[in-house]
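Enquirer: Task: produce atomic coordinates for the following.
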Amino acid sequence: SPEQVKDMRQELKDRFGEMPPPVQNLLYVIRIRLLSAEAGIQKISTEGKQIVLMVGKETEIDRASLQHSLGSSVKVGSTQIRLDTKQLGKHWTRILEEVLRRMTSIPYSLPSV
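Expert: Residues are numbered from 1 along each chain as shown. Modelled structure (predicted):
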């Protein structure tokens with residue numbers, strides 16, 4: 001769980017001191033993968049200066065609410081969410097995590113069969 005990754009990060013820091021960037025990056029990737037699975041994201045990729053989150057077919061999101069809460073540097077579509085890293089600058093990692101966290105707090109349901 002993301003909480004376990006946070007605990008692991010703290011334990012590593014307590015035992016070994018400040019972590020080198022590759023270890024920090026690995027823990028970030030693990031956290032993003034866990035949040036992505038929970039949010040119903042099938043794939044994360046890049047296209048030019050954008051990060052593209054592919055929303056699973058069975059995942060419904062409140063696009064308007066999500067778009068409103070995230071602002072203009074994030075574009076929410078029916079099957080994709082795009083983050084413009086040029087606009088977000090060096091804060092894109094924090095914003096990506098925030099997008100995923102917001103998706104897990106916004107109710108979604110499976111479409112009826």
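Enquirer: Going by neighbour count, list what's buried in the helix or strand of the chain with the lowest mean pLDDT.
Expert: Taking mean pLDDT, DSSP states H and E as the measure, the chain has helix 63-70 as its least confident helix or strand, at a mean of 82. For helix 63-70, the neighbour count (16 or more other CB atoms under 10 Å) marks 66-67, 70 as buried. All C-beta spots, glycine's among them, are computed from the backbone N, C-alpha and C.
Enquirer: quick one: which of the residues you listed is nearest residue 28?
Expert: residue 70 (19.4 Å; CB to CB).
Enquirer: Pull the contacting residues for that closest one.
Expert: Taking CB atoms under 8 Å, 6 or more residues apart in numbering, we find residue 70 in contact with 76, 95, 98-99, 102.
Enquirer: Buried members of those residues into ChimeraX, please.
Expert: Paste this into ChimeraX to select the buried members of these, with burial taken from 16+ other CB under 10 Å:
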select :76,95,98,99,102
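Enquirer: In strands, which of the contacts of residue 70 fall?
Expert: If you go by DSSP state E, the contacts of residue 70 have residue 76 in strands.
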